[in-house]
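Chemist: Sequence first, then the predicted structure, then my questions.
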Amino acid sequence: MTTRQAIFPADRHALYEKHGYSAAIRSGELLFVSGQVGSRTDGSPEPDFATQVERAFENLEATLAAAGCTFDDVVDVTTFHTDPERQFETILPIKSRYFSTQPYPAWTAIGITWLSGFDFEIKVIARIP
């Protein structure tokens, strides 16, 4: 049986401790990354939406790197949006910078009403090289 291993980026933000979860879990050759939001190091939301999305991707990048992964190793993406119709115009160019080569990972986008003060969250599953 494979045991799970917690993965944290070098600069752990306060939300991990406050809410009691791991940034990611390695299980075998897969990395299951918790939802990453555009938080500052103290856990507070970045107020500007575009900057919040950018920070979420930066937090995701740091978590992937802590496991020896890059965006090229991501196989599945789930994003959560508080106002998808208005937000996609901002999100898509940022997403395209991080997922720039084909084949792109599978992607599911979900509209929701609440993200604990945030407006965007991204979680992924990656293959560990």
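Modeler: That came in fine, so what should we check first?

Chemist: Okay, helices next: where are they in this protein?
Modeler: With DSSP state H, the ranges of helices along the chain come out as 14-19, 49-66, 84-98.

Chemist: Flag the shaky bits of the chain, pLDDT-wise.
Modeler: For the chain, applying pLDDT under 70 flags the ranges 1-2, 12-13, 15-16.

Chemist: Any figure for the gap between the residue lying closest to residue 129 once chain neighbours are set aside and residue 125?
Modeler: Once flanking residues are discounted, residue 129 sits nearest to residue 73: 5.9 Å by CB to CB, 6 or more residues apart in numbering. C-beta: built from backbone N, CA, C; applies to glycine. Distance of residue 73 to residue 125, given as CB to CB, to the nearest Å: 10 Å.

Chemist: joint contacts of those two?
Modeler: Residues touching both residue 73 and residue 125 by CB atoms under 8 Å, 6 or more residues apart in numbering: residue 31.

Chemist: returning to that earlier point: would you mind finding the most buried of the helices of the chain?
Modeler: Among the helices of the chain, helix 49-66 has the highest mean neighbour count (mean count of other CB atoms under 10 Å), at a mean of 20.
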